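A.B. asks: sequence unknown, structure follows:
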């Protein structure tokens, strides 16, 4: 795999760059959907061996398609983390069935638990907390559970734009992490401004939330595409970064790249090794190949560390 990585670097014209960014990108993860994964001929030509690949479960996607994508990625040597959106899971029996399918057919032992994007639950569950309370993931021996983090809040949870309900949920999840055998972490929504991200992460530590943070980063994409997704996903104040860019006619037609936000976070991490953001999680809004190549160009294809943050 190391030889393949060197070939990839040559193929995209890799040049040694920012050592802080390269270190920050190690063990990054990326998100796919079954329908987008089908368009990728060979993930092994794009992603470092052992990359954690989240599989987003959009309402209406059959579980069979989700498991099939998980099996393919698992056989290719990736760490597969499917979404479990609480509000589209009918009941505990359905949850147990999904876990058994992922585990039995694709060898999955990790999951991202979240409420999901639908307004009204189809059944018994309305939150990731409700899923954890069933004990089904511990019963199945899942080794890793990630839960959602919101650096700029979430108006679906806190309609007033505050953090009260989000923070209360995080305190519950922190306590749960101390009782489960699974390793836990926060996987966050994407944002575009490093300073509010840093302030939010520091505030969690001060509040006693010690879960490692896997920070969401939007991959390279057309500016119009990013603004559309940012508005749809409820991205907060850092949306101004994109709006400001859109007002600059010299940048309007150029693809957005996450260089600035990643560089600033990487510099902060280098200066503060105990900073609780431990990993980058990419949302490939401009395409998986485009995102993977950007990571390669910035050193994200180097050998993976031995730990599994």
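C.D. replies: That came in fine, so what should we check first? Here the structure is a predicted model, which is why all the values come from computation and not from measurement.
A.B. asks: can you pull out the helices in this structure?
C.D. replies: All helices of the chain, identified by DSSP state H, fall at 2-11, 19-24, 34-37, 63-75, 92-106, 128-133, 136-139, 164-177, 194-206, 223-232, 239-246, 259-271, 288-297.
A.B. asks: what packs against the fifth one?
C.D. replies: Secondary-structure packing of helix 92-106 (3 or more CB pairs under 8 Å, 6 or more residues apart in numbering; DSSP states H and E): helix 63-75, strand 79-85, helix 136-139. Where C-beta positions appear, they are placed from N, C-alpha and C, glycine not excepted.
A.B. asks: Who are the packing partners of the shortest one?
C.D. replies: Contacting helix 136-139 under the criterion 3+ CB pairs under 8 Å, 6+ apart are the following elements: helix 92-106.
A.B. asks: Report the buried residues of the helix it packs on.
C.D. replies: The neighbour-count check on helix 92-106 (16 or more other CB atoms under 10 Å) flags 92, 94-95, 98-99, 101-103, 106 as buried.
A.B. asks: Which residues does residue 256 form beta bridges with?
C.D. replies: With DSSP bridges applied, residue 256 shows beta-bridge pairing to residue 221.
A.B. asks: wait, isn't it in contact with residue 220?
C.D. replies: Yes. The pair residue 256 / residue 220 is scored as a contact, 6.4 Å apart, by CB atoms under 8 Å.
A.B. asks: And the two? Which one has more around it.
C.D. replies: residue 256 (24 against 20; other CB atoms under 10 Å).
A.B. asks: and the gap between the residue nearest to residue 39 when sequence neighbours are not counted and residue 295?
C.D. replies: Distance criterion CB to CB, 6 or more residues apart in numbering; nearest residue to residue 39, sequence neighbours excluded, is residue 288 at 8.0 Å. Here the criterion is CB to CB, to the nearest Å. By it, residue 288 lies 11 Å from residue 295.
A.B. asks: Comparing the helices of the chain, which yields the minimum mean pLDDT?
C.D. replies: Note on the helices of the chain: helix 2-11 shows the lowest mean pLDDT, a mean of 38.
A.B. asks: Identify the residues contacting residue 43.
C.D. replies: By CB atoms under 8 Å, 6 or more residues apart in numbering, residue 43 lies in contact with 37, 53, 73, 76, 78.
A.B. asks: Neighbour-wise, give me the winner out of these.
C.D. replies: Going by other CB under 10 Å, residue 73 tops the contacts of residue 43 with 26 neighbours.
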